[in-house]
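**Q** Provided below are the primary sequence and the corresponding predicted coordinates.
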Amino acid sequence: MELRQLEQFIAVAEELSFTRAARRLHVVQSGVSAAIRSLERELGCALFERTSQQVRLTGAGAALLPEARATLHAAQAAQDAVRAAQDTLRGTVNVGAMASVEVVDLPALLGQLHARHPAIDVRLRLATTGSAGLAHALLSGDLDVAFLSLPERRPAGIDARELTTVPLVLVVSAGHPLARRGKVALADLAGEPFVDFPPGYGNREVVDRAFATAGVVRRVALEVPDIDMGAALVRHGLGIAFLPAFAVARTPGLHVLDVLDTKLRWSMHLGISSTRRPTSALRALLDLVDLHVIAL
């Protein structure tokens with residue numbers, strides 16, 4: 001069993017396509033197919049179910065995937081040790097973050113990393129499934145580090161450090177009937193249409209938990225995975241929302257209300273795996289994070 005075979009197996013398992021895996025690895029598709037067939041012969045079992053319509057992992061393939069990732073991580077750690085002794089940092093760092101959440105100046109962070117260690121390859125993924133998706137990608141090994149919002153009970157397998165906490169404030173449009181009131185209770189909002197992030201995002205979880213604790217049912221009418229889009233929808237009268245204070249400051253036409261019975265706060269974290277040793281490339285990035293945390 002060769003590391004090259006495991007790398008190609010992982011690529012097919014993640015892409016669920018031999019064509020996309022070959023494109024990702026910059027090799028011909030026939031080479032990927034041959035490597036997988038060779039690996040299957042060596043292991044004595046099929047790793048993928050192949051049809052003309054789709055590629056799926058078999059049970060054996062699903063069992064091999066975390067072990068293959070762990071093996072490649074171990075090989076990378078061995079290479080890092082040698083390169084560190086030669087004062088040359090190389091490797092790849094897979095970074096996950098959420099769009100429109102300006103907790104860390106990512107362009108500046110990644111730019112400084114590149115300036116210091118140009119041989120480190122950075123792959124950036126912006127979340128499409130919120131913090132829950134980023135946490136899952138950390139646990140599976142798809143990501144090495146993520147900027148995300150974690151619940152109070154953090155998932156096992158993730159080491160997290162809080163970077164900042166921001167208040168969530170209740171906003172309505174300037175013409176909304178509630179705008180004439182200075183203060184409201186959560187119970188006053190039961191019939192209002194809300195604009196919020198989809199389930200899986202940290203700020204959505206904070207608000208859902210507050211209403212559940214208060215025993216108030218709320219109606220989420222519009223779900224958008226973008227803070228500025230949510231603020232704009234509220235400004236145009238399509239609903240009300242709990243938004244981070246920094247988003248309100250940059251969106252005109254919003255009216256902020258005090259909420260009598262609760263204060264909502266949304267924490268952002270830096271997360272890495274607690275079961276995999278950080279590579280030298282990852283440690284180089286982690287060393288720079290605090291220099292680029294934005295004061296909100």
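**A** Thanks, I have it. Numbering: from 1, shown residues only.
**Q** what's near enough to touch residue 193?
**A** Contact analysis of residue 193 by Cβ atoms under 8 Å, 6 or more residues apart in numbering lists 219-222, 238-240. Every C-beta, even on glycine, is put in place using the N, C-alpha and C of the backbone.
**Q** okay if I get those as TSV plus secondary structure and neighbour count?
**A** Below are those laid out as TSV (DSSP: H, G, I helix; E, B strand; the rest coil; neighbours: other Cβ atoms under 10 Å):
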residue	secondary structure	neighbour count
219	strand	11
220	strand	17
221	strand	14
222	strand	15
238	coil	15
239	coil	20
240	strand	27
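**Q** what helices and strands are in contact with the helix or strand where residue 111 lies?
**A** Element membership of residue 111, judged by DSSP states H and E, is helix 106-116. If you count contacts as 3 or more Cβ pairs under 8 Å, 6 or more residues apart in numbering; DSSP states H and E, helix 106-116 packs onto strand 91-97, strand 120-126, helix 280-286.
**Q** got the buried residues for the longest helix along the chain?
**A** Looking across the chain with DSSP state H, the single longest helix is helix 59-85. Neighbour counts over helix 59-85 (16 or more other Cβ atoms under 10 Å) mark 61, 64-65, 68-69, 71-73, 76, 80, 83 as buried.
**Q** repeat that for stretch 260-278.
**A** For stretch 260-278, by 16+ other Cβ under 10 Å, it's 264, 266-273, 276, 278.
**Q** what about the helices in this structure?
**A** 3-15, 18-25, 29-43, 59-85, 106-116, 130-140, 202-214, 227-235, 245-249, 280-286.
**Q** let me have the contacts of residue 193 in a markdown table, extended by distance to residue 193.
**A** Listed next are these as a markdown table, based on distance: Cβ to Cβ, whole Å:
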| residue | distance to residue 193 |
| --- | --- |
| 219 | 6 |
| 220 | 8 |
| 221 | 4 |
| 222 | 7 |
| 238 | 7 |
| 239 | 4 |
| 240 | 7 |
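**Q** with the residues you listed in mind, which one is nearest to residue 184?
**A** Distance to residue 184 across those (Cβ to Cβ) is lowest for residue 240, with 9.7 Å.
**Q** what's near enough to touch that closest one?
**A** 170-172, 176, 178, 189, 192-195, 234.
**Q** can you rerun that using 10 Å?
**A** 170-173, 176, 178-179, 184, 189, 192-196, 218, 221, 233-234, 254-255, 257 (Cβ atoms under 10 Å, 6 or more residues apart in numbering).
**Q** can you tell me who it pairs with across the strands?
**A** When bridges are called by DSSP bridges, residue 240 pairs up with residue 194.
**Q** before we move on, what about the one 4 residues further on?
**A** Legend: beta-bridge partners of residue 244 under DSSP bridges are residue 168.
**Q** that one: neighbouring residues, count only.
**A** 23 (other Cβ atoms under 10 Å).
**Q** picking that back up, so which of the contacts of residue 240 are in strands?
**A** Assigned to strands by DSSP state E, the following of the contacts of residue 240 qualify: 170-173, 184, 193-196, 221, 254-255, 257.
**Q** and those residues, which is closest to residue 148?
**A** Minimum distance to residue 148 across the ones in strands among the contacts of residue 240 is 17.5 Å, recorded for residue 196 (Cβ to Cβ).
**Q** picking that back up, for residue 120, state which of the buried residues of stretch 260-278 is nearest.
**A** residue 278 (13.0 Å).
**Q** my guess is the closest one meets residue 270, correct?
**A** No. Residue 278 lies out of contact with residue 270 (Cβ atoms under 10 Å); the separation is 12.0 Å.
**Q** still on that earlier bit, which helices and strands does the longest helix of the chain pack with?
**A** Packed against helix 59-85 by the contact rule (3 or more Cβ pairs under 10 Å, 6 or more residues apart in numbering; DSSP states H and E) you find helix 3-15, helix 29-43, strand 48-50, strand 55-57, strand 91-97, helix 130-140, helix 280-286.
**Q** nearest to residue 111, of the ones you listed?
**A** In terms of Cβ to Cβ, the element of these nearest to residue 111 is helix 280-286, at 11.8 Å.
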